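Visitor: Generate coordinates for the sequence data below:
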Amino acid sequence: MTLPDGARAVVVTASNRASAGVYDDRSGQVLAEGLRALGFTVEGPHVRPDDVDALVGVLREAVASGADVVLTTGGTGLSPTDVTPEATRAVLERDAPGLAEAVRRYGEGKVPTSVLSRGVAGTAGRTLVVNLPGSTGGVRDGLAVLGPLLPHVVSQLRGGDHQA
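Guide: Now for the predicted structure:
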């Protein structure tokens, strides 16, 4: 299955240090490049601090813009400042836990600590939202899992029929 025409994705990076200019946002750039390679028109990355209100705001804007997919990077760990899952849950209407679990499972063989990610996935309106880890490797692993699924997901969220 190929990606439906006009598929749009928004990338959001949650990082206190990248948002303050301490270092460049590499994971968001890798994520945006990966989505473009899959055929998406990509907006972002939008770099925000690890702050629930800031993240809820950018996620709601992305959903309201009609994006098919919103992928986040960063803020999924166990640190007290990691709040991306909490912000995402405030926006989601329906959970898709299998996606987040698949991303964790995929990375586990290479990076055992990948199971510590608290990332969530689900839908808000007709938009899929998925949290990915804040490393370039975690983003690549997430794209490896999601890439083959996204054409079907976008088609379904746009009202497409099930494929046999």
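Visitor: sec struct for the closest residue to residue 67 other than its chain neighbours, please.
Guide: The shortest distance from residue 67 to any non-neighbouring residue, by CB to CB, 6 or more residues apart in numbering, is to residue 10 (4.5 Å). The way it works is simple: take the backbone N, C-alpha and C, and place the C-beta from them, glycine included. Taken by DSSP: H, G, I helix; E, B strand; the rest coil, the conformation at residue 10 corresponds to strand.
Visitor: Give the helix, strand or coil label for the residue lying closest to residue 94 once chain neighbours are set aside.
Guide: Excluding its sequence neighbours, the residue lying closest to residue 94 (CB to CB, 6+ apart) is residue 123, at 4.8 Å. Classification of residue 123 using three-state DSSP returns strand.
Visitor: Could you number the chain from 241 rather than 1 from now on?
Guide: Renumbered: residue one is now 241, and that last one reads residue 363.
Visitor: Does residue 363 touch residue 332 like I think?
Guide: Yes: between residue 363 and residue 332 there is a contact under CB atoms under 8 Å: 6.8 Å.
Visitor: shared neighbours of those two, anything?
Guide: Counting by CB atoms under 8 Å, 6 or more residues apart in numbering, the contacts common to residue 363 and residue 332 are residue 369.
Visitor: Now the residue positioned nearest the centre of the chain: which helix or strand?
Guide: With distances taken as CA atoms, centre = their mean, the residue of the chain nearest its centroid is residue 311 (1.9 Å). Element membership of residue 311, judged by DSSP states H and E, is strand 309-313.
Visitor: That strand pairs with which strands?
Guide: Here strand 309-313 has these sheet partners by DSSP bridges: strand 248-254 (parallel), strand 367-372 (parallel).
Visitor: Need the contact partners of the shortest one.
Guide: Under the criterion CB under 8 Å, 6+ apart, residues 267, 271, 299, 302-303, 306-313, 315-316, 324-325, 328, 331-332, 336, 339-340, 343, 357-363, 378-379, 382, 386, 390, 393-394, 397 lie in contact with strand 367-372.
Visitor: Can you select the buried ones from these in PyMOL?
Guide: In PyMOL, a selection of the buried entries from these looks like this (16 or more other CB atoms under 10 Å):
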select buried, resi 267+271+299+302+303+307+308+309+310+311+312+313+315+316+324+325+328+331+332+336+339+340+343+357+358+359+360+361+362+363+378+379+382+386+390+393+394+397
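Visitor: from the middle of its chain, how far away would the helix or strand containing residue 396 be?
Guide: Take DSSP H and E as the rule and residue 396 turns out to sit in helix 390-397. Offset of helix 390-397 from its chain centre (CA atoms, centre = their mean, to the nearest Å): 15 Å.
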